[in-house]
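**Student:** Would you be able to build a 3D model of this:
(one chain, ligands or ions: 2)
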Amino acid sequence: MAVPKLQQLAKSVVQGPSLATGAIPTRDWMDIPVVFKSGNYAYPAKKEKVEYLNSQSGLHFPNAREWSPEDDDWKLPEDWKEIILKGLKERLDKFRSLKIFMDCCVRCGACADKCHFFLGTGDPKNMPVLRAELLRSVYRNDFTLAGKILGKMAGAREMTVGVLKEWFMYSYQCTECRRCSVFCPYGIDTAEVTMMLRELLHLVGVGINWILEPASNSNRTGNHMGLQPHTFKDNVEFLLDDVENLTGIRPNISFNRKGAEILFITPSADVFAEPGLYTAMGYMLLFEAIGLDYTWSTYASEGGNFGLFTNNETMKKLNAKMYAEAKRLGVKYILGGECGHMWRVLHQYMDTMNGPADFLEKPVSPITGTVFENAASTKMVHISEFTADLIKHGKIKFDKSRNSHVKATFHDSCNTARAMGLLDEPRYILDHVVDWVEMPENTIREQTFCCGSGTGLNTDEIMELRMRSGLPRANAVKYVHEKHGVNMLACVCAIDRATLTSLMNYWNPGVSVCGLTELVANALVVEGETRGELEEGLRTML
Ligand code: SF4
Ligand code: SF4
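**Tutor:** Ligands and ions are numbered 1, 2, ... in the order given. Just a heads-up that it's a prediction; the model follows:
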């Protein structure tokens, strides 16, 4: 579906009749059915992808079939309702947080206007409180005394096909960014409610292709694009050619090398798609400059974890792959590249899913001797922590003027900012390598606005929705673009690098997107280099 012209969409967001612009709904939310039409839903998962996942040990993806959200009949299994309620009970018993989130919302509304989907669409069901209510209403009906006795008066409703369709619509209009939870006085994490909704939907074969295909590719070949090991290796080596042409330095790299000190894992998007490619070139140049003893893996060739957007079992399995490879190669620890959800999984779930990784060593920088106590259990260090530490100890030299073509601002990726608290290290690095400014206060750090297309929503058939949900982020960039001449949006997440590029092209042409390590490598002074003036740093076409 074509995306409306910018002026048209901007007017629709600002003036269109919606709760966000003051219009009062005329019907109770429970009485408004969802209507699927081209452009407002992501395509269902292909039958063969679901079948493949269901055939894998430890995974459960039943009811593979052809179906369409626009059809009345979704071809659900006959006992779909029992499956859903049983699944909900199991999860209430297993996840104490879910039970708490179901019980403790006081409907204060503090979260209501904090969600970028609500701000961009004005749809009341995109208010976090109401998104959670989609599940809570069913919970009340079947699992609470008040709901059983008082029914709708207690905010309860029966599980119906209409409710299931509503779950599908709104659990895929949430990027699980957790911005709402920052403002909730009770710490309710609506992202985890969305995760449960998606898990329950998978039990009856309802899921989207842009998540299940990457998840199955990651399980089968090690990365979400399904690149075979030799292709992954070739892609990385092509980047070496580019680094050599630009700088005269050909970094020394290895794959699957047993006995290397460090295993380096980054999102695979960094080795095959712009603008991530420049970030990958940056990693290699940086590691060469400090003489790091590290190896890439063609087996653990994906840092991103599409299981996070799917269900716990898939997340656990994809996460385990990185540790299995670290063990097989006999490295001391893992160094992780610029990714968002890899780090969310690491910091919030890894320890109880697959950890602690006691067979690895507590990470110590071989260059500075710094012990990364924060990674004592996961044994995995973020590239920004690692780089900031190198800078602090004066182990790398920069010529900041090499980034004089850039006026940057920094997008805190939701997962690294809110899920792991990586707030100051990227800023410390930026201070040393480039001229940059902050976006407005309520749009950065813990309060950062999502790119609008995370959690597997980076798919073209919902482009209008993505441009709407990304508007709060784009708006903050527009402010610094107009006020300070910002022309580069830096971030530490591969999905952001892809989604923000589309977002900037639409709302803020003239602002490009880059990874932080690209800016680091642009300014890095490496012994023996022969680089001339590179007008656009590592992006320069020679
Ligand atoms: S801020 Fe928290 S308690 Fe208040 S409505 Fe939102 S989820 Fe409920
Ligand atoms: S997690 Fe993010 S996308 Fe989901 S409801 Fe909260 S603010 Fe909205």
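
**Student:** going forward, measure contacts and count neighbours with C-alpha atoms only.
**Tutor:** OK.

**Student:** Please report phi then psi for the residue of the stretch 351-500 of the chain found nearest ligand 2.
**Tutor:** Using CA to the nearest ligand atom, the closest approach of the stretch 351-500 of the chain to ligand 2 is made by Cys450 at 7.3 Å. Cys450 adopts backbone torsions of phi -60, psi 160, taken as degrees, to the nearest 10.

**Student:** let's number from 4 now, not from 1
**Tutor:** That works, and once the first residue is 4, the last one we named lands at Cys453.

**Student:** Going along the chain, name the helices of the stretch 254-403 of the chain.
**Tutor:** Shown for the stretch 254-403 of the chain, the helices assigned by DSSP state H, counting those that start in this stretch span residues 272-275, 279-293, 315-332, 344-347, 353-356, 386-395.

**Student:** Can you give me the buried ones in the last one?
**Tutor:** By neighbour count on 16 or more other CA atoms under 10 Å, the buried set for helix 386-395 is Ile386, Ser387, Glu388, Phe389, Thr390, Ala391, Asp392, Leu393, Ile394.

**Student:** how about the residues you listed in a markdown table, adding distance to ligand 1 and pLDDT?
**Tutor:** A markdown table is the format used below for the buried residues of helix 386-395 (distance: CA to the nearest ligand atom, whole Å; pLDDT from 0 to 100):
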| residue | distance to ligand 1 | pLDDT |
| --- | --- | --- |
| Ile386 | 34 | 97 |
| Ser387 | 32 | 97 |
| Glu388 | 32 | 97 |
| Phe389 | 36 | 98 |
| Thr390 | 37 | 98 |
| Ala391 | 35 | 98 |
| Asp392 | 37 | 98 |
| Leu393 | 40 | 98 |
| Ile394 | 40 | 98 |
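
**Student:** sorry, back to before: most tightly surrounded among the helices of the stretch 254-403 of the chain?
**Tutor:** Most buried of these, by mean neighbour count (mean count of other CA atoms under 10 Å): helix 344-347, with a mean of 26.

**Student:** what sits up against that helix?
**Tutor:** Applying CA atoms under 8 Å, 6 or more residues apart in numbering, the contact partners of helix 344-347 are Gly306, Gly307, Asn308, Leu311, Asn418, Thr419, Ala422, Met423.

**Student:** likewise stretch 27-35?
**Tutor:** Taking CA under 8 Å, 6+ apart as the rule, stretch 27-35 contacts Ser21, Leu22, Pro127, Lys128.

**Student:** tally of neighbours for Arg182?
**Tutor:** 24 (other CA atoms under 10 Å).

**Student:** give me phi/psi at it?
**Tutor:** Dihedral angles for Arg182 - degrees, to the nearest 10 - are phi -60, psi -40.

**Student:** For ligand 1, see how far away the residue nearest to it when sequence neighbours are not counted is.
**Tutor:** In space, Arg182 comes closest to Gln450 once its chain neighbours are excluded; the distance is 6.3 Å by CA to CA, 6 or more residues apart in numbering. For Gln450, the distance to ligand 1 equals 14 Å [CA to the nearest ligand atom, to the nearest Å].

**Student:** rewinding a little: of all the contacts of helix 344-347, which comes closest to Phe186?
**Tutor:** Among those, Ala422 lies closest to Phe186 (CA to CA), at 14.7 Å.

**Student:** Would you confirm that the closest one contacts Leu349?
**Tutor:** No: using CA atoms under 8 Å, Ala422 is not in contact with Leu349, being 9.4 Å away.

**Student:** Quick one, grab the pLDDT at the residue of the chain positioned farthest from its centre.
**Tutor:** When distances are taken from the C-alpha mean of the chain, Ile152 lies farthest, 41.1 Å away, according to CA atoms, centre = their mean. Note for Ile152: predicted pLDDT of 95.

**Student:** Let me know the next secondary structure element after the helix or strand harbouring it.
**Tutor:** Secondary-structure assignment from DSSP states H and E places Ile152 in helix 148-153. Under the assignment DSSP H and E, the closest C-terminal helix or strand after helix 148-153 is helix 164-174.

**Student:** near ligand 2, anything from the next helix-or-strand element following that following helix?
**Tutor:** Per DSSP H and E, the first helix or strand lying C-terminal to helix 164-174 is helix 182-186. Yes: Helix 182-186 is in contact with ligand 2 by CA under 6 Å from any ligand atom, via Arg182, Cys183.

**Student:** quick one: average pLDDT of the helix or strand following helix 182-186?
**Tutor:** For helix 182-186, the succeeding helix or strand toward the C-terminus, using DSSP H and E, is helix 193-206. Averaged over helix 193-206, pLDDT sits at 97.

**Student:** same question, stretch 107-127
**Tutor:** The predicted model gives stretch 107-127 an average pLDDT of 95.

**Student:** quick one: buried residues of it?
**Tutor:** 108, 114-125, 127.

**Student:** show me which of these neighbour ligand 2.
**Tutor:** Among the buried residues of stretch 107-127, the ones lying near ligand 2 by CA under 6 Å from any ligand atom are Lys117, Cys118, His119, Phe120.

**Student:** Contacts only, for the one residue in the stretch 204-353 of the chain that gets nearest to ligand 1.
**Tutor:** Nearest residue of the stretch 204-353 of the chain to ligand 1 (CA to the nearest ligand atom) works out as Gln351 at 20.0 Å. Applying CA under 8 Å, 6+ apart to Gln351 gives the contacts Ala422, Met423.

**Student:** Roughly how far does it sit from Thr502?
**Tutor:** Distance, Gln351 to Thr502, using CA to CA, to the nearest Å: 24 Å.

**Student:** ok, back up a step: so what sits against both of Ala422 and Leu349?
**Tutor:** Contacts common to Ala422 and Leu349, judged by CA under 8 Å, 6+ apart, are absent.

**Student:** give me the number of residues near Gly61?
**Tutor:** Counted with other CA under 10 Å, Gly61 comes out at 11.

**Student:** I misspoke; the intended subject was Asp76.
**Tutor:** Neighbour tally, Asp76, other CA under 10 Å: 10.

**Student:** Ser71 now?
**Tutor:** Around Ser71 there are 15 other residues, counting by other CA under 10 Å.

**Student:** Likewise for Pro80?
**Tutor:** Pro80: 13 neighbours (other CA under 10 Å).

**Student:** That one reaches Val207, doesn't it?
**Tutor:** Yes: shown here, Pro80 and Val207 form a contact pair, counting by CA under 8 Å, at 6.7 Å.

**Student:** Mutual contacts of those two, please.
**Tutor:** Asn66.
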